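Colleague: Next input, structure requested:
(one chain, ligands or ions: 1)
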Amino acid sequence: MAPMQSLPALLDARLREVTGVDPEMRPATKPQFGHFQSNVALRLAKEQGRPPREVAADVVAKLDVDDLCEPLEIAGPGFINFRMRSDVLAGAVSALLEDPHGGINPANHPQRVVIDYSAPNVAKTMHVGHLRTTIIGDCFNRVLSALGHTVIPQNHIGDWGTQFGMLIEEVLDEGLDVSTLSLDEADALYKRAAARFKEDTEFATRARARVARFQGGDEQSLGIWQQLVDISKPAFNEAYRRLNVKLTDDDLAGESTYNADLPVLVKELEDSGVAVVDDGALCVFVEGFEAPLIVRKSDGGYGYATTDLAAIRRRVRELHADRIIYVTDLRQAGHFAQVFAAARKAGFLPGDVTAQHVGYGMVLGTDGRPFKTRDGSAATLGSLLDAAEEVAAPNIALAAIKYADLSNGLQKDYTFDAERMVQTTGDTGPYLQYAHARVNQILRKAEAEGIHWGSVTVLEEPAEQQLALLLSGFGEVVDDVAHHLQPHKLCGYLYDLAGALASFYEACPVLKSEGDVRASRLALCAATKQVLAKGLDLLGIDAPERM
Ligand code: ARG
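Modeller: The predicted model follows:
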């Protein structure tokens with residue numbers, strides 16, 4: 001089957017061919033203007049110095065869309081109005097019902113896509129930022145997988161680095177048995193260690209010396225480190241289970257897994273001359289950045305950026321990535337821009353491999369400041385879920401959180417307002433869940449009454465036509481999200497769809513109608529349910545059968 005193109009896209013293409021410019025098709029502002037309008041004739045008329053209605057008449061004469069539209073109309077100063085033929089709309093929805101991919105267009109060129117997301121830090125509780133990257137990354141994973149790409153999630157957990165120097169010293173000083181700690185207790189340990197590191201110079205010196213010993217392979221240090229890792233992973237997994245995201249232990253590729261690569265990669269950089277010694281440190285200078293990227297500090301240590309270079313190198317050479325997507329806090333945008341540039345310069349990231357950083361904004365409280373728990377401490381991922389579950393059942397609370405996270409532009413901060421987010425009215429996750437449950441209820445009732453439906457055959461009412469039009473555009477919206485990585489487009493689409501469904505119920509009785517009309521309306525309901533369920537699934541939101 002040819003990939004499903006939305007009806008507006010088909011029209012757009014034909015009008016573009018005739019006029020040679022972007023026709024700027026817009027949904028009609030009133031039902032009497034049909035379904036779409038284009039002002040292309042007005043723009044061309046200005047250029048050509050001719051009366052717009054005359055230009056419109058020319059365009060209409062040249063344009064062959066009889067197979068899609070009712071006879072075209074020229075309105076007002078020279079707008080062209082398009083009304084889709086109802087059999088075309090019906091055919092589009094029926095095709096959607098039969099499509100094994102549920103309206104999603106399989107990618108023409110499936111890619112290997114590495115998605116770097118979640119990445120919490122060992123011995124630290126996951127905070128609200130990790131909530132965002134986990135939800136957003138999971139959505140990208142679902143969307144790209146649905147299109148037939150091979151998604152390789154990489155959970156780049158912070159399981160290495162200088163913080164382990166102070167952690168290990170603190171454990172030894174306190175005589176702690178790390179294996180018995182919960183992640184929250186480890187987090188408290190982290191805070192104690194960090195506070196001492198700041199205040200106590202003797203401790204700080206020991207912690208620094210410990211970094212070198214630990215990274216040099218000291219067994220006692222590595223033993224404590226391993227225990228910290230071992231108590232952290234189950235807590236991360238528990239969060240993933242609670243969030244209902246796809247990450248598993250198979251996706252773990254923490255900072256420590258790149259250790260052996262670091263000296264090798266650094267030597268490659270030195271040999272090729274891409275890295276040069278500056279002030280004792282080995283640096284890569286990249287155009288457009290004031291400070292160089294330090295790949296080996298003057299004390300011989302490697303940092304966050306070197307590990308990220310190693311990760312890119314492995315993702316390209318061993319995972320054979322065609323595209324690499326990173327989901328982190330917006331504040332790391334500069335870091336990734338520089339790492340990508342350095343990786344290109346070093347040849348680790350060839351021109352045909354795309355690397356994209358998707359930055360997200362902060363989670364704010366209703367007071368407009370970074371979200372805090374009631375006792376005033378920075379919010380953890382768990383506390384946020386708890387807050388939402390105080391006002392709704394877990395699957396609704398989760399839908400509320402995920403939708404609130406994804407439905408704004410990712411870069412924007414969003415306000416965590418549990419009471420508002422769990423409402424079943426307005427632009428919320430539970431509203432979409434409710435729309436799904438309600439349409440399901442109609443279908444269930446019909447089934448119980450032994451009413452059968454097949455395809456969509458009759459589509460005369462404007463509300464039915466609007467619904468059908470929207471349904472025909474699902475595949476394109478999903479393509480768009482895969483390309484531009486903006487899940488709010490899918491959220492907006494589903495919100496519009498739920499709205500069109502509500503208007504349809506209002507204007508068109510379903511179970512109370514009869515014969516072909518009833519069967520056709522039920523089929524329209526079934527297609528809407530299918531798209532709502534699939535769309536919610538791509539957002540990682542559960543679509544309940546009842547609510
Ligand atoms: N662990 C880091 C953090 O919590 C995020 C790591 C992101 N991924 C990466 N490849 N640097 O901020």
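Colleague: residues contacting the residue in the stretch 401-547 of the chain positioned nearest to the ligand?
Modeller: Using CB to the nearest ligand atom, the single residue of the stretch 401-547 of the chain nearest to the ligand is Leu410, 15.3 Å away. Placement of C-beta: from N, CA and C, glycine included. By CB atoms under 8 Å, 6 or more residues apart in numbering, the contact set of Leu410 is Ile136, Val358, Gly359, Tyr360, Gly361, Leu485, Gln486, Pro487, His488.
Colleague: Assumed it was part of a strand.
Modeller: No - counting by DSSP: H, G, I helix; E, B strand; the rest coil, one finds Leu410 to be coil, located in no strand.
Colleague: From Lys489, how far out is it?
Modeller: Leu410 sits 11 Å away from Lys489, going by CB to CB, to the nearest Å.
Colleague: Tell me where this structure is predicted with low confidence.
Modeller: Applying pLDDT under 70 to the chain flags the ranges 1-4.
Colleague: Tell me where it has strands.
Modeller: Listed in chain order, the strands of the chain (DSSP state E) span residues 26-27, 36-38, 73-75, 79-82, 112-116, 150-154, 275-278, 281-284, 293-296, 323-329, 354-360, 363-364, 414-415.
Colleague: could you dump the ones you listed to a markdown table with distance to Ala92 and mean neighbour count?
Modeller: Shown next, in a markdown table, are the strands of the chain (distance: least, CB to CB, whole Å; neighbours: other CB atoms under 10 Å):
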| stretch | distance to Ala92 | mean neighbour count |
| --- | --- | --- |
| strand 26-27 | 16 | 12 |
| strand 36-38 | 14 | 23 |
| strand 73-75 | 22 | 17 |
| strand 79-82 | 15 | 22 |
| strand 112-116 | 29 | 23 |
| strand 150-154 | 29 | 21 |
| strand 275-278 | 56 | 16 |
| strand 281-284 | 53 | 20 |
| strand 293-296 | 51 | 22 |
| strand 323-329 | 31 | 22 |
| strand 354-360 | 32 | 19 |
| strand 363-364 | 39 | 19 |
| strand 414-415 | 34 | 18 |
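Colleague: Export those to a markdown table and append columns for distance to the ligand.
Modeller: A markdown table is the format used below for the strands of the chain (distance: least, CB to the nearest ligand atom, whole Å):
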| stretch | distance to the ligand |
| --- | --- |
| strand 26-27 | 40 |
| strand 36-38 | 43 |
| strand 73-75 | 53 |
| strand 79-82 | 47 |
| strand 112-116 | 5 |
| strand 150-154 | 8 |
| strand 275-278 | 19 |
| strand 281-284 | 17 |
| strand 293-296 | 13 |
| strand 323-329 | 5 |
| strand 354-360 | 10 |
| strand 363-364 | 15 |
| strand 414-415 | 19 |
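Colleague: can you tell which of those strands is closest to Asp261?
Modeller: strand 293-296 (12.0 Å; CB to CB).
Colleague: Direction included, what does that closest one pair up with?
Modeller: Partners of strand 293-296 in the sheet, by DSSP bridges, are strand 281-284 (antiparallel).
Colleague: Please identify the residues of the stretch 101-250 of the chain in proximity to the ligand?
Modeller: By CB under 6 Å from any ligand atom, the residues of the stretch 101-250 of the chain that approach the ligand are Asp116, Ala119, Asn121, His156, Gly158.
Colleague: Of those residues, just say which sits nearest to Trp453.
Modeller: So of these, ranked by how close each gets to Trp453 (CB to CB), first place is Asp116, at 45.0 Å.
Colleague: my guess is that closest one contacts Ala321, does it?
Modeller: No - Asp116 is beyond contact range of Ala321, at 10.3 Å (criterion: CB atoms under 8 Å).
Colleague: measure Gln37 to Pro31 for me?
Modeller: Taking CB to CB, one finds Gln37 at 12 Å from Pro31.
Colleague: Check Arg50 too.
Modeller: Taken as CB to CB, the span from Arg50 to Pro31 is 30 Å.
Colleague: Asp67 now?
Modeller: For Asp67 relative to Pro31 (CB to CB), the value is 23 Å.
Colleague: more neighbours, these two?
Modeller: Pro31 (12 against 9; other CB atoms under 10 Å).
Colleague: For the nearest residue to the more buried one once chain neighbours are set aside, the count of nearby residues, please.
Modeller: Nearest residue to Pro31 in three dimensions, chain neighbours excluded: Pro462, at 4.8 Å (CB to CB, 6 or more residues apart in numbering). Pro462 has 17 neighbours, counted by other CB under 10 Å.
Colleague: Asn39 now?
Modeller: 19.
Colleague: Excluding chain neighbours, what is closest to it?
Modeller: Nearest to Asn39 is Phe79, by CB to CB, 6+ apart, at 5.8 Å.
Colleague: for Gly409, same thing?
Modeller: Gly409 sits nearest to His488 (CB to CB, 6+ apart), 5.7 Å away.
Colleague: got it, and Ala341?
Modeller: Val286 (4.1 Å).
Colleague: and the one you found, how many residues sit next to it?
Modeller: 20.
Colleague: That one is in contact with Lys345, isn't it?
Modeller: Yes - applying CB under 8 Å, one finds Val286 in contact with Lys345, separated by 6.1 Å.
Colleague: what sits against Lys267?
Modeller: With CB under 8 Å, 6+ apart, Lys267 has no contacts at all.
Colleague: And the one 5 residues further on, by the same measure?
Modeller: Taking CB under 8 Å, 6+ apart as the criterion, Ser272 is in contact with Ala346, Gly347.
Colleague: Kindly list the main-chain dihedrals of Pro71?
Modeller: phi -50, psi 140 (degrees, to the nearest 10).
Colleague: which ones are touching the residue nearest to Ala341?
Modeller: Here Val286 is in contact with Pro292, Leu293, Gln338, Ala341, Ala342, Lys345 (CB under 8 Å, 6+ apart).
Colleague: Could you measure from it over to the ligand?
Modeller: 17 Å (CB to the nearest ligand atom, to the nearest Å).
Colleague: repeat for Asp261
Modeller: 14 Å.
Colleague: Look up the closest residue to that residue, ignoring the ones flanking it.
Modeller: Asp261's closest residue in space is Ala310 (CB to CB, 6+ apart), at 4.3 Å.
Colleague: How many residues are close by that neighbour?
Modeller: Ala310 has 24 nearby residues by other CB under 10 Å.
Colleague: So it is in contact with Ala260, correct?
Modeller: No - between Ala310 and Ala260 there is no contact under CB under 8 Å: 9.3 Å.
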